[in-house]
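Asker: Need the 3D shape of this:
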Amino acid sequence: MATDSIAPGGEIVMLAIDWMVRLQSGTATEQEREACRRWRAAEARHELAWQRLQSLSERVSTLPSALAHGSIGDGDTRHRNNRRFAVKTLCVAMGVGLVAAGSSEAVPWRALMAEYSTRAGERRRVVLADGSVVELNTATAIDTAYDEQCRLVRLHRGEVLVTTAHERGRAYRSLVVHTRLGLARALGTRFQVRDSEAGMRIAVFEGAVEFHPVATSRAIRLDAGRQALFDRRGLVGDVSPAKEETVAWTDGVIVANHMPLGELVAELDRNMPGKLRCDPAIASLPISGVFPIDQPARILAAIARTLPVQIDTFTSYWITLRPRPAA
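Answerer: Below is the predicted model of the structure:
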C-alpha cells in the first residue's frame, strides 16, 4: 500500500523529535536549521514524520515553552532530558502510553503518528477519498492506504464506525479494516470495529462483513444485525444481535438500557482524562438513561441521585464510585 510504504518508523520519528528538540531549544544555529531542512528533504518519510510531529506539538501548548527553557546539565544531558520530555508529553497528549520494551522511550509509533486520530473524549468524522465515511470514537488512531486493488483502513487502536461508499466507473475494490487480530472485509456495509482487551468486536448494521483472524485460514461472515467478539484464532463466545445503541457515541451520547453500572463507568473512563473506577460491590447495579458523553460531571451526579452510590474524588483525575454508607 502506498501510505504504508512511506509511513515513518520509530527510528525516523525519534530523529524528527531530536530535530524538534534541537530547534526549539533556543540555542539552535542557522547551520542546524539548514541541516534539518536537508534531512526533511532527503526522504518522503522524513518530511511526513516532521509534518505529523509538528501537528501534534501544536496541540500541546506546554511543549515548545518547556523545551525552550531547557534542562539542567551539560549539552548532551539537556538534549536527552528534553527528548525524553518531548516523547512523554506527546504520548500523554495523544492518550498513548509508553511501552516498556527495552527502552523507556519506546512507544506505539503507528498510533502516535497516525494519519487520523482522536484523544480521550474526542470524536471525529473522516470522509475518505472514495466517499466512505469513518467515524472515530475516543482515543482512536487510523491510517488509510488506497491502491488499484484495495481500500485499506488500518486501525491502530480504539473504535470506528465505517460506512462504505459504492464506487462507480471503476473496477471494484474491497474495503478492508486491518486490525491487530485480523482483517475485516466489508461487503457493501455499515459496521463497527472496536479494539479492546477482551478482543476485537465487530457489529454489522447494514450489508455483511467477513472477518479473517490472523491465526486461521477461515473467514467468518457476519450479516446485518449480528455482532461477535474475535481473538486471533476466531470467535470468542457466540454471535449475538447487533445493537444500534453501541454506536450512539456518534451522536455524543451513551445509551444505557439496564446496563450494569460497571460498564457505564468503563465507557465514561474511556472518554475522560485520568482514571474513573467502580467498586466491584456496585458494578452490577442496573442503570438506564441517555447520557451526554461530554458532560461527565452531570452523569456522575445523576448516578449518585438514582443509585445507592457515593462519588469519591481524590483529584479531578482520580474518581471512584463506592457503595453509599448506610444511614
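Asker: Give me the pLDDT value at the nearest residue to residue 310 once chain neighbours are set aside.
Answerer: Nearest residue to residue 310, sequence neighbours excluded (CB to CB, 6 or more residues apart in numbering): residue 324, at 4.7 Å. Where you see a C-beta, it was placed from the backbone N, CA and C, and this is true even at glycine. The score at residue 324 is 93. That number is its pLDDT.
Asker: Might you report the residue contacts of residue 324?
Answerer: With contact taken as CB atoms under 8 Å, 6 or more residues apart in numbering, residue 324 is in contact with 308-310.
Asker: Quick check: phi and psi at it.
Answerer: The phi/psi pair for residue 324 (degrees, to the nearest 10) reads phi -70, psi 130.
Asker: Quick check: it vs residue 278, distance?
Answerer: From residue 324 over to residue 278 the distance is 13 Å, taken as CB to CB, to the nearest Å.
Asker: just to revisit the earlier point, please flag which of the contacts of residue 324 sit within strands.
Answerer: Among the contacts of residue 324, the subset assigned to strands under DSSP state E consists of 309-310.
Asker: Give me the phi and psi angles of the most centrally placed residue in the chain.
Answerer: Closest residue to the average C-alpha location of the chain: residue 140 at 1.9 Å, with CA atoms, centre = their mean. Main-chain torsions, residue 140, degrees, to the nearest 10: phi -120, psi 150.
Asker: returning to that earlier point: any figure for the gap between the residue nearest to residue 310 and residue 111?
Answerer: Taken as CB to CB, the span from residue 324 to residue 111 is 39 Å.
Asker: repeat for residue 322
Answerer: Going from residue 322 to residue 111 by CB to CB gives 33 Å.
Asker: try residue 202
Answerer: Residue 202 is 20 Å from residue 111, by CB to CB.
Asker: Could you check which of those two has the larger neighbour count?
Answerer: residue 202 (25 against 22; other CB atoms under 10 Å).
Asker: got a pLDDT number for that one?
Answerer: On the pLDDT scale, residue 202 gets 98.
Asker: That one belongs to a helix?
Answerer: No. Counting by DSSP: H, G, I helix; E, B strand; the rest coil, residue 202 is not part of a helix but strand.
Asker: what about residue 227, how many residues close to it?
Answerer: Using other CB under 10 Å, residue 227 has 20 neighbouring residues.
Asker: following the helix or strand where it lies, which helix or strand shows up next?
Answerer: Assigned by DSSP states H and E, residue 227 belongs to strand 226-231. Downstream of strand 226-231, the first helix or strand assigned by DSSP H and E is strand 234-241.
Asker: Quick check: buried residues in that following strand?
Answerer: Neighbour-count burial for strand 234-241 flags residue 234 (criterion: 16 or more other CB atoms under 10 Å).
Asker: Who are the packing partners of it?
Answerer: strand 220-223, strand 226-231 (3 or more CB pairs under 8 Å, 6 or more residues apart in numbering; DSSP states H and E).
Asker: mind giving me CSV with these and columns for distance to residue 144 and mean pLDDT?
Answerer: As requested, those are exported to CSV (distance: least, CB to CB, whole Å; pLDDT from 0 to 100):
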stretch, distance to residue 144, mean pLDDT
strand 220-223, 23, 96
strand 226-231, 22, 97
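Asker: With distance to residue 299 as added columns, please give these in CSV.
Answerer: Below are the helices and strands packed on strand 234-241 laid out as CSV (distance: least, CB to CB, whole Å):
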stretch, distance to residue 299
strand 220-223, 31
strand 226-231, 25
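Asker: re earlier: indicate each strand paired with the strand holding residue 227 and its parallel or antiparallel sense.
Answerer: strand 199-213 (antiparallel), strand 234-241 (antiparallel) (DSSP bridges).
Asker: Pretty sure residue 184 sits against residue 174.
Answerer: No. With contact defined as CB atoms under 8 Å, residue 184 does not count as touching residue 174 (10.5 Å).
Asker: and those two? which has more neighbours close in?
Answerer: Shown here are residue 184 and residue 174; by other CB under 10 Å, residue 184 has more neighbours (27 against 14).
Asker: For stretch 203-215, which outside residues touch it?
Answerer: Under the criterion CB under 8 Å, 6+ apart, residues 164, 181-192, 194, 200, 202, 218-228, 230-234, 242-244, 246-247 lie in contact with stretch 203-215.
Asker: Next, find the distance separating residue 181 from residue 131.
Answerer: For residue 181, the distance to residue 131 - CB to CB - is 28 Å.
Asker: how much space is there between the nearest residue to residue 114 once chain neighbours are set aside and residue 211?
Answerer: Excluding the flanking residues, the one nearest residue 114 by CB to CB, 6+ apart is residue 141, at 3.7 Å. Relative to residue 211, residue 141 is positioned 20 Å away (CB to CB).
Asker: Residue 42 now?
Answerer: Counting by CB to CB, the gap from residue 42 to residue 211 is 40 Å.
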